[in-house]
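>>> The sequence and its predicted three-dimensional model are supplied below.
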Number of protein chains: 2
Amino acid sequence: MTNNHLADTLFSLIERGETRAAAELFGKDHPADIAATLAAAARKNPRAAWAALELLPLPRQAESFGYLDHIAQTRIAAAAPRAKLARLVTEMNADERADLFNEMSGELAEALLPALAQAEREDIRRLAAYEDGTAGAIMTSDYATLPQHLTAAEAIEKLRREAPDKETIYRAYVTDAGRRLIGAVRLQDLILAPARALVGDIMDRNTHAISVHDDQEHAARQIARYDVIALPVVDDQGRIVGIVTHDDAMDVMQEEATEDFHRTGTVSPLAANVRDAGIFLLYRARIVWLVVLVFGNIFSGAGIAAFEDTIAAYVALVFFLPLLIDSGGNAGSQSATLMVRALATGDVRIGDWGQMLGRELLVAALLGLSMAAAVSLIGVVRGGPEIALVVASAMVIIVIVGSLIGMTLPFVLTRFNLDPATASAPLVTSIADAAGVLIYFAIATAFLPLPG
Amino acid sequence: MTNNHLADTLFSLIERGETRAAAELFGKDHPADIAATLAAAARKNPRAAWAALELLPLPRQAESFGYLDHIAQTRIAAAAPRAKLARLVTEMNADERADLFNEMSGELAEALLPALAQAEREDIRRLAAYEDGTAGAIMTSDYATLPQHLTAAEAIEKLRREAPDKETIYRAYVTDAGRRLIGAVRLQDLILAPARALVGDIMDRNTHAISVHDDQEHAARQIARYDVIALPVVDDQGRIVGIVTHDDAMDVMQEEATEDFHRTGTVSPLAANVRDAGIFLLYRARIVWLVVLVFGNIFSGAGIAAFEDTIAAYVALVFFLPLLIDSGGNAGSQSATLMVRALATGDVRIGDWGQMLGRELLVAALLGLSMAAAVSLIGVVRGGPEIALVVASAMVIIVIVGSLIGMTLPFVLTRFNLDPATASAPLVTSIADAAGVLIYFAIATAFLPLPG
């Protein structure tokens, strides 16, 4: 809201050539806030967004640009003159710059690369080499290293000289002659130590490091687990090649939560946020599961067809059909939800299935009995005591079976190295539905006398 | 797994009195890893967990204990001798200590409080006064402040003296004589500044602060937005009373994501993680929605009952019933999922409903047409061209209506200050089901000739 309004004001100021007023409007905003305004502006008019961004001093330009998501970045980059864009890109953080090059069109990247210095070009090439979704792809090369033979005073002096270039100097990494990681030292500890103490003696040798090939989610979880500001990333030879910082870890956890959330809602992972995603991107993310689930439903339909005689004789049974099968599906998706999230956060592991199963059975039995009690009343009113008995006993079994399907599916998917979040509510519901139809009509056929 | 195994080994060592071997087993583990082992041990034998914890030096004891979740903490605390527990509690971080007192039994807290020093007692009372879920409840009082008249060198010296007590000194807060927050200064900037520069001149006056009354989720989002290590918390008079750190922010985001995840799976928020939650806690978290949804289903049932004549005349229609209404429900829960998450991450705001609606209509129409094409084939085979026409046209309308219900419900809930995540897949499915039944049979009754 506010950002759209701000963006609108900004447009009209720039269009009227009142750049000074526009610059004042940005004034002392935090780069994150500037980025929000720019993103809103870039949706309507990337040229005006660039004109506004250009009004800022270069370091603030680069910082604000770094806060934009990739869609807004590429929109604005496409509208900027090459030479000026190259200046901005040179000023950006190494990891954000590499990401930008990954996202921008090949044509633009090729036009831009020659305008950059050799060092930046190599940095981009190196960071871009890591596969998407790995620690290597989200790490930054803006970190500080120290040799272990420096004194605390010398180390502080070295960090002082190099600090302005580094994303974080609160923790410096200690390396041997071959750049292999041998420890880490906090700025705090350097300041607290006697000036002549050696880095090698102060440092913490027990430094957790992650591999460039590790999953980005693993990297983020390690940062959350150990409550650190950053974790060093090492290559196969144990040499430090970058760090993953806490803010990137937070973004990754958000992204992964969104992906799991979407997946359990049978929406395939989106490359953009919902606001910026195009019609066909949204269509593609949804159609596959809708069709898969339709064909899943054919089993329920076939199940119903198999009992056409029973249905024709007791049409009242149909009244309870949605109620029963939905209850099984609902109980199942509850169980799946609990397990998917617990597996994602690490609260539950694949080996805990047996232990979880026992508890699930108890909880499901309690739920089934409660639901049966509620529904048998309606059964008596709508269909008489015989129907009520069929409906109530079907309910208990359907809720138990649905719950067990729901809690087991995420474990099965994990076992086959699939994302447990694929055990979405609708998928569990589809499977539980088919099971529910069979259970319901099998019980009905067994209990109720068929005419003829 | 590993932790359970480690915990088992630890038990047997302690039971055999081999405390030295047990202590070695813990040896150089990170406190977070020690905590994981202890949590597994506490599930089976809190006494042994305490015995193992006691083997560590006091600062490591406190740190490891701080990494435990509340259930494991209270289990172990209940098994520890009061005097030793008081020593451990005194050593803990202020925020973790206050949380522990909130969670432990009133009896234990009362027995423990007199054993603590006056300063810790007041700290606990003060931190415990803030309502659960606010920034005040998650903040810590371990932060460093500086007056603005100090020089950079004096400031570093002051932080050096106070540092060992503070959770983070990377950013110190500058206050006036009345403890009102007037700025912040990074340790990095103090080191880089000339030794005689004044704190008041180096500091960043544009410091984002949050109120003690702000929602914890708001605090976490601000930290993520501005990529900072910590944010200061101020009271109504603008005085600094604590800080919220990036690791707490990450925990809050995880918690909130889990809560939203559970809510969209119609599981009410759990007070414990799934592994530790008792049978009745799980039962209570699930039964309410199951019953609500059953009664919701009665509308679908009543809808079906109203068209009993049509059904009796064309039993083949029942075959397509689950398929059609589930497709509407599935499309609806996809839309709801996208909107719930986008509203939670702030990608979409309540005022964007109109804009989102237009796109949703287009996407839903495309989805509906694709689904109709898929289903009309089966319609021809199973029921002839007339049934196929009814089923296909019902499909288009049902998918569009389901999608619109799904995308609108989260906005409606937000408007009434309810959690949009309440628009769970099963709730949307229930509503879309009832709508689907009416649409399907209304179209069937209109198109197909009734006998008699």
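Done, it's in.
>>> For the rest of this, base every contact and every neighbour count on C-alpha atoms.
Will do.
>>> Pull the distance from the longest helix along chain A to the chain's centre.
As assigned by DSSP state H, the longest helix anywhere in chain A is helix A:353-415. Distance of helix A:353-415 from its chain centroid, counting by Cα atoms, centre = their mean, to the nearest Å, is 33 Å.
>>> okay, now whichever residue of the stretch 1-150 of chain A sits closest to chain B: neighbour count?
Closest to chain B within the stretch 1-150 of chain A is residue A:32: 6.0 Å, counting by Cα to the nearest Cα. Applying other Cα atoms under 10 Å in any protein chain shown, we find 18 other residues in the vicinity of residue A:32.
>>> Does it touch residue A:67 like I think?
Yes: in this structure, residue A:32 is within contact of residue A:67 by Cα atoms under 8 Å, at 5.7 Å.
>>> I figured residue A:204 was touching residue A:189, is that so?
No: at 10.0 Å, residue A:204 and residue A:189 do not qualify as touching, with contact defined as Cα under 8 Å.
>>> Could you check which of these two is surrounded by more residues?
Using other Cα under 10 Å, the more surrounded residue of residue A:204 and residue A:189 is residue A:189, with 19 against 16.
>>> show me what contacts the nearest residue to residue A:423 once chain neighbours are set aside?
Spatial nearest neighbour of residue A:423, chain neighbours left out: residue A:410 (5.7 Å); criterion: Cα to Cα, 6 or more residues apart in numbering or on different chains. Counting by Cα atoms under 8 Å, 6 or more residues apart in numbering or on different chains, residue A:410 touches A:336, A:339, A:340, A:419, A:420, A:421, A:422, A:423.
>>> I'd like the average pLDDT over the longest helix of chain A.
Taken as a whole, helix A:353-415 carries a mean pLDDT of 90.
>>> Show me what the very next helix or strand once past that helix is in contact with.
Downstream of helix A:353-415, the next assigned helix or strand under DSSP states H and E is helix A:425-447. Helix A:425-447 is contacted by residues A:264-266, A:293, A:296-297, A:299-300, A:303-304, A:307, A:310, A:321, A:324-326, A:328-330, A:332-334, A:336-337, A:390-391, A:394, A:397-398, A:401-402, A:405-406, A:409, B:265, B:330, B:425-426 when judged by Cα under 8 Å, 6+ apart.
>>> From chain B, how far out is residue A:387?
Look at residue A:387 and chain B: by Cα to the nearest Cα, to the nearest Å, they are 15 Å apart.
>>> Verify the contact between that residue and residue A:378 for me.
No: using Cα under 8 Å, residue A:387 makes no contact with residue A:378, being 9.9 Å away.
>>> Mutual contacts of those two, please.
Common neighbours of residue A:387 and residue A:378 (criterion: Cα under 8 Å, 6+ apart): none identified.
>>> So which residues of chain A form strands?
If DSSP state E is used as the criterion, the strands of chain A fall at A:145-147, A:171-175, A:181-186, A:210-211, A:230-234, A:240-245.
>>> so can I have TSV of these showing distance to chain B, mean pLDDT and mean neighbour count?
Converted to TSV, these look like this (distance: least, Cα to the nearest Cα, whole Å; pLDDT from 0 to 100; neighbours: other Cα atoms under 10 Å in any protein chain shown):
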stretch	distance to chain B	mean pLDDT	mean neighbour count
strand A:145-147	16	92	21
strand A:171-175	11	91	22
strand A:181-186	10	91	22
strand A:210-211	15	94	22
strand A:230-234	11	92	25
strand A:240-245	10	91	25
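>>> how about a markdown table for those, with distance to residue A:121 added?
Output for the strands of chain A, formatted as a markdown table (distance: least, Cα to Cα, whole Å):
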| stretch | distance to residue A:121 |
| --- | --- |
| strand A:145-147 | 22 |
| strand A:171-175 | 24 |
| strand A:181-186 | 25 |
| strand A:210-211 | 23 |
| strand A:230-234 | 21 |
| strand A:240-245 | 16 |
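>>> Tell me which of those strands sits nearest to residue A:107.
Evaluated over the strands of chain A, closeness to residue A:107 peaks at strand A:240-245, with 28.1 Å, by Cα to Cα.
>>> For the closest one, which outside residues touch it?
Under Cα under 8 Å, 6+ apart, the answer for strand A:240-245 is A:135-136, A:138-143, A:175, A:179-181, A:219, A:229-235.
>>> angle of that strand against strand A:171-175?
Put simply, strand A:240-245 runs at 160 degrees to strand A:171-175, going by axes from the mean of the first three to the mean of the last three Cα atoms, to 10 degrees.
>>> Grab the CA positions of strand A:240-245 and hand them over as PDB.
Only the C-alpha atoms of strand A:240-245 are listed here, as PDB (Å, rounded to 0.1, in the frame of the first residue of the first chain):
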ATOM      1  CA  ILE A 240      37.600 -22.200   2.800                       C
ATOM      2  CA  VAL A 241      35.800 -20.800  -0.300                       C
ATOM      3  CA  GLY A 242      33.100 -18.700   1.300                       C
ATOM      4  CA  ILE A 243      30.700 -18.100   4.200                       C
ATOM      5  CA  VAL A 244      26.900 -18.400   4.500                       C
ATOM      6  CA  THR A 245      25.500 -15.600   6.600                       C
END
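>>> for that strand, the distance to its chain's centre please.
The answer for strand A:240-245 is 21 Å, by Cα atoms, centre = their mean.
>>> ok, now stretch A:96-106?
Put simply, stretch A:96-106 sits 20 Å off its chain's centre (Cα atoms, centre = their mean).
>>> and residue A:415, how far is that from chain B?
15 Å.
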